[in-house]
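What shape does this take:
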Amino acid sequence: RARRVATPSRATKHRVQWCMNSTSRASPVSSSRAPSDEAQGKYLVVNAQNIAHNARVNTHIFIFLSIVSGISCGILGLTGVQGFAAHLVCMLIAAGTIATVKCERRVALYFPSLDKVLIDGPNAGFGTFVLFWTLSYNCCHLY
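Numbering: from 1, shown residues only. I've put the predicted structure just below:
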């Protein structure tokens, strides 16, 4: 018999949920399951909409932080490697904050893997960072 999991409201975080059901027709996520999982009927039930929502929110957060980081680096007059290093530090702090605070140190419940937070997020806003960095630097220091 399946366990009923309370559905979260729209304002709460979306989680990947474990479901116990020996009669489920859902396929397992990977073929590297333990034999006891097969006997108990454990399957990882992943709601694709929840995963897509989490990825979208993560992307929006990193794009906004890239804008703030770009404007800050431009106003401070950071150029070259210094600007990229400041952006990298900002993105690492943001990724760590998301992993510890928003995901409650259990990233696997909200994202398929840790690299979705650490790599995909900062890469989403890199072009935005360069755009706002050069724009704010030109406005403050060249004109």
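
in the longest helix that the chain contains, what's buried?
In the chain, taking DSSP state H as the definition, the longest helix is helix 48-76. For helix 48-76, a neighbour-count test (16 or more other CB atoms under 10 Å) marks 50-51, 54-55, 57-59, 61-63, 65-67, 69-74 as buried. Where you see a C-beta, it was placed from the backbone N, CA and C, and this is true even at glycine.

who does that helix touch, helix- and strand-wise?
helix 81-97, helix 121-124, helix 126-137 (3 or more CB pairs under 8 Å, 6 or more residues apart in numbering; DSSP states H and E).

Low-confidence regions, the protein specifically.
Applying pLDDT under 70 to the chain flags the ranges 1-44.

that older thread, please dump the helices and strands packed on helix 48-76 into JSON lines; it should also carry distance to V107 and mean neighbour count for every row.
As requested, the helices and strands packed on helix 48-76 are exported to JSON lines (distance: least, CB to CB, whole Å; neighbours: other CB atoms under 10 Å):
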{"stretch": "helix 81-97", "distance to V107": "10", "mean neighbour count": "16"}
{"stretch": "helix 121-124", "distance to V107": "12", "mean neighbour count": "18"}
{"stretch": "helix 126-137", "distance to V107": "21", "mean neighbour count": "18"}
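
on that earlier part again, tell me the angle of the longest helix of the chain relative to helix 126-137?
20 degrees (axes from the mean of the first three to the mean of the last three CA atoms, to 10 degrees).
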